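**Q** the following block contains a protein sequence and its predicted model.
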Amino acid sequence: MYSTFSLLNPYLSEKIDTMRNRLILLGSLLALSTSTLLAQDTVLTPEALWSFGQVSLLDVSPDDSLVLYGIKYNDLEKNTNTSDLYTIRLDGGSKGIPYRLTDTPEKEYNARYRPDGKKIGFLKEDKMWEMNPDGTQARQVSDISMTGFAYSPDGNRILYIQEVQYPNPADSLLAQLPKTSGQIYDGLLFRHWDTWSDDRYFNIFYIDYVDGQLKGEAVNIRPEPFDIPMGGGMEHVDWSPDGNAIAYAFKPLSGTEAATSTNSDVFLYNLGSGKTQNLSRGMPGYDFEPVFSPDGRFIAWNSQERAGYEADRMRIFIIDLVSMEKWEMTVTMDQHARHPKWSANGDRIFFLSERNGVKELWGVNFSRKGKLQRYSTGFNDFLDYIPTGSGNLAALRNSMSQAPEIYRMVVSSSTAKQLTRTNQALLDQIKMGRVARRMIETSDQKRMHSWVIYPPDFDPEKKYPVILYCQGGPQSMVSQSWSYRWNLQIFAAEGYIVIAPNRHGLPGFGQAWTDAIIGDWGGQPMDDLFAAIDDIKKEPYADSTRMAAIGASYGGYATYWLAGNHQGRFKAFISHCGLFNIESFFASTEEIFFANNDLEGPFWQDPVPETYRKDSPHLYVQNWDTPLLVIHNGKDYRVPLEQGLQAFTAAQLMGIPSRLLYFPEENHFVSKAQNAVLWHQTMLEWLNRYLGKGEE
């Protein structure tokens, strides 16, 4: 029905490389060779999706003239990727043409301007490098392995994050058998996300920096066997403006406490005294992402009130480092306030917030009764942003129909101008499906926000198969986000209508709506999914005889649950890394606090929480009668592999048409290019087999 993409090679992008000025025509593959030019009126395919350049916002030059950013390209044939660094004028000058700084087969990342603007530092193969602002004279600064770094504001030091080995005393049994591969653990969090505990932890160091060289001995500001900062992320570390202190966040818990609590804290380390203060002592939930005010007197950070509940309302807290008084800046806001950053003059704090299906930019005036203000317009998600001295922002935005790109956000007028067009040549040749909001009444008489993605060239006089997309999380809003996993335009391109409801349990619609899923996984949220599919099938263009449900994680749970309770609505199901048996899930996942909260405790309690008696999909296998595709990954420790294996085994024993797609090396996500293409292709083949392709 539609023409398809050829296998694109992003490295065919033609560069204009003059003697000293390496300007490039980058509007993403603006100059493909004629042999690889796409035919007009194509649609989005898995191969095309993984040909897109993946843009990341990195820094703004000290004089606010340039935005520093990165682009990652995947080589689908080699199943590898590389990333390079670029700049573009923040004011849109120089005809909006990006300037390429690096062009190597390696990955350059974590780039930032030196405070004097005379160098750009970056990481390559985990080592710190520097180059001139025009990309010339790149050289390695250090042999130290780092996962991230930052210059001090005065440019006299750098801090960096490095993995440190803290070996446990050798077990006497292991000591007797030096060639054994066995490992012995005596506590929880013996594995996390996709890695088994190996006694290696992230720690923060600082070291003197003089004339482009690291000098003297590095200082580990907290030499302890914890991930300091949390997850090794630079977003959890900040220099004070005078360079005399470092704020950071981590979770000072281990063993069972670490597995059952979210309680992290914000700390302040003084370089002169070597002393550390806990700034959020007594605050039991997550506390992280500390940022200093421009004058250094205040620190803002993200905070949650309840320990063990990672979907609790995210607040912005402030501490006055003179009086040590703390208060919340977003107390009147019934939605998340994430990723706080100060304006250049300290008069306000910007942040991102989910609201009505879009991740928006907000701000609050810095006073005890700060006034909240929304700056976003339209259907674009804000992914990242950097305030500038001019009062504007550099921002990274995307939508369901556009991959992330760099924008200049004019705060005073709440307007945005797109600066980069990395993938424009591809987008110009792709027909995207129309995206529309749809409000649906739920069984508890609430109004539920949903997104509907229509096929390209949608004709309301024809009939189309329908896909119900079940969101995961369970508390993660269906937003205007471009995804390399669940890119719903891929399914629309095959001729399916996709409906993606923001069911109970998802943020952006008030905390009570988010909390409603606790202890009720198979209740109101499932009623919402039924409400969504039953509402869209009333449309004359929706073919109620050709409908499927798909999803991952909790969305995968939902498809397993629907398979046993759908009463003939669906013709096919797809579950990726879904929960099948919530009892065995509770006893095998690693972050117990999540299961404790959402399932209201373990299944061995007396009395047993009601959710175990009614909400587990395995309880309804006897009702299964619909083809099921199970996808699961070997290194998924959040929803372990055995969940998918149980579901596939049950389907096979029930005689249900079923297939298992297994990725041994992937975690809860699918991130490798060829794996991701196979993932998409397998799902599309399954849907086409049981629903047929396109309109009738």
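**A** Received it, and whenever you're ready, just let me know what you need.

**Q** thinking Pro284 is in contact with Ala307, fair?
**A** Yes: Pro284 is within contact range of Ala307, at 3.9 Å (criterion: C-beta atoms under 8 Å). C-beta here means a position set from N, CA and C on the backbone, and glycine is covered the same way.

**Q** all helices for the chain, in order.
**A** For the chain, applying DSSP state H gives helices covering 46-49, 172-175, 255-260, 424-427, 488-493, 511-515, 524-536, 554-563, 582-586, 592-598, 610-614, 641-653, 673-691.

**Q** what average pLDDT does the first one get?
**A** Taken as a whole, helix 46-49 has an average pLDDT of 96.

**Q** got it, and stretch 558-577?
**A** 98.

**Q** now swap in stretch 237-257 and tell me
**A** Stretch 237-257 shows a mean pLDDT of 98 in the predicted model.

**Q** same deal with stretch 220-231?
**A** For stretch 220-231, the mean pLDDT works out to 97.

**Q** name the residues of it that come out as buried.
**A** Within stretch 220-231, the residues that count as buried by 16 or more other C-beta atoms under 10 Å are Ile221, Arg222, Phe226, Asp227, Ile228, Pro229, Met230, Gly231.

**Q** please apply the same query to stretch 407-417.
**A** Within stretch 407-417, the residues scored as buried using 16+ other C-beta under 10 Å are Tyr407, Arg408, Met409, Val411, Ala416.

**Q** wait, Asn345 touches Ser293, no?
**A** No: with contacts counted by C-beta under 8 Å, Asn345 stays clear of Ser293, the gap being 9.9 Å.

**Q** the two: which is more packed in?
**A** For Asn345 versus Ser293, neighbours defined as other C-beta atoms under 10 Å are more numerous around Ser293 (20 against 13).

**Q** so who does the closest residue to the more buried one other than its chain neighbours touch?
**A** Using C-beta to C-beta, 6 or more residues apart in numbering and skipping residues adjacent in sequence, the residue nearest Ser293 is Gly346, 4.9 Å away. By C-beta atoms under 8 Å, 6 or more residues apart in numbering, the contact set of Gly346 is Ser293, Pro294, Asp295, Phe298, Phe366.

**Q** let me see the backbone angles for Gly346.
**A** phi 80, psi 10 (degrees, to the nearest 10).

**Q** kindly report the same for His566.
**A** According to degrees, to the nearest 10, His566 has phi -80, psi -10.

**Q** any idea how far Asp534 is from it?
**A** 11 Å (C-beta to C-beta, to the nearest Å).

**Q** out of the two, which sits in the busier spot?
**A** With neighbours defined as other C-beta under 10 Å, His566 and Asp534 compare such that His566 has more, 23 against 12.

**Q** isn't that one right up against Asp625?
**A** No: with contact defined as C-beta under 8 Å, His566 does not reach Asp625; the gap is 9.2 Å.

**Q** distance of the residue positioned nearest the centre of the chain from Phe593?
**A** Central residue of the chain (C-alpha atoms, centre = their mean): Leu383, 9.0 Å from the mean position. Per C-beta to C-beta, Leu383 is found 26 Å from Phe593.

**Q** and for Ser83?
**A** 34 Å.

**Q** by mean pLDDT, flag the weakest helix or strand of this protein.
**A** Within the chain, no helix or strand scores below helix 172-175, which has a mean of 88 by mean pLDDT, DSSP states H and E.

**Q** so what does it touch, helix or strand wise?
**A** Helices and strands touching helix 172-175, as assessed by 3 or more C-beta pairs under 8 Å, 6 or more residues apart in numbering; DSSP states H and E, are absent.

**Q** who's in contact with Tyr166?
**A** Neighbours of Tyr166 in contact, by C-beta under 8 Å, 6+ apart: Asp199, Arg200, Tyr201, Glu224, Pro225.

**Q** what pLDDT does the residue of the chain positioned farthest from its centre get?
**A** Each residue of the chain has a distance to the centre, and by C-alpha atoms, centre = their mean the biggest one is for Gln176: 44.2 Å. We have a pLDDT of 91 for Gln176.

**Q** between the helices of the chain, which has the poorest average model confidence?
**A** Across those, helix 172-175 gives the lowest mean pLDDT, at a mean of 88.

**Q** contacts only, for Gly232.
**A** Thr147, Gly148, Ile161, Glu163, Phe202.

**Q** can you do 6 Å?
**A** By C-beta atoms under 6 Å, 6 or more residues apart in numbering, the residues touching Gly232 are Thr147, Ile161, Phe202.

**Q** from these, which is closest to Arg438?
**A** Thr147 (42.7 Å; C-beta to C-beta).

**Q** and the gap between that closest one and Arg200?
**A** Taking C-beta to C-beta, one finds Thr147 at 11 Å from Arg200.

**Q** higher neighbour count, the two?
**A** Thr147 (16 against 13).

**Q** do you know the pLDDT at that one?
**A** pLDDT, the model's per-residue confidence, is 97 for Thr147.

**Q** ok, it touching Ile161?
**A** Yes: taking C-beta atoms under 6 Å as the definition, Thr147 is a contact partner of Ile161 at 4.8 Å.

**Q** nearest spatial neighbour of Phe458, skipping sequence neighbours?
**A** Arg434 is the one closest to Phe458 (C-beta to C-beta, 6+ apart), at 6.4 Å.

**Q** what is the burial count for the one you found?
**A** 13.

**Q** for it, give its distance to Asp457.
**A** 10 Å.

**Q** so how many other residues sit close to Pro609?
**A** Neighbour number of Pro609 under other C-beta under 10 Å is 15.

**Q** so how far is Ile161 from it?
**A** Distance, Pro609 to Ile161, using C-beta to C-beta: 40 Å.

**Q** please apply the same query to Thr626.
**A** 48 Å.

**Q** who has more neighbours, the two?
**A** Ranked by neighbour count (other C-beta under 10 Å), Thr626 and Ile161 place Ile161 first, with 26 against 23.

**Q** just checking, that one touches Asn203?
**A** No: Ile161 is beyond contact range of Asn203, at 7.2 Å (criterion: C-beta under 6 Å).

**Q** tally of neighbours for the closest residue to Val67 other than its chain neighbours?
**A** Of all residues beyond its chain neighbours, the one nearest Val67 is Ala394 (4.7 Å), with distances taken as C-beta to C-beta, 6+ apart. When neighbours are defined as other C-beta under 10 Å, Ala394 has 25 of them.

**Q** swap in Val164?
**A** Neighbour count of Val164, defined by other C-beta under 10 Å: 16.

**Q** what residues are up against it?
**A** Applying C-beta under 6 Å, 6+ apart, the residues near Val164 are Tyr201, Asn203.

**Q** next: Glu590.
**A** So Glu590 contacts Arg191, His192, Tyr637 (C-beta under 6 Å, 6+ apart).

**Q** for those residues, which one is nearest Gly70?
**A** Nearest to Gly70, judged by C-beta to C-beta, of those is His192 at 27.0 Å.

**Q** quick one: the nearest residue to the closest one once chain neighbours are set aside from Pro640, how far?
**A** Once flanking residues are discounted, His192 sits nearest to Glu590: 5.2 Å by C-beta to C-beta, 6+ apart. Separation of Glu590 from Pro640 (C-beta to C-beta): 9 Å.
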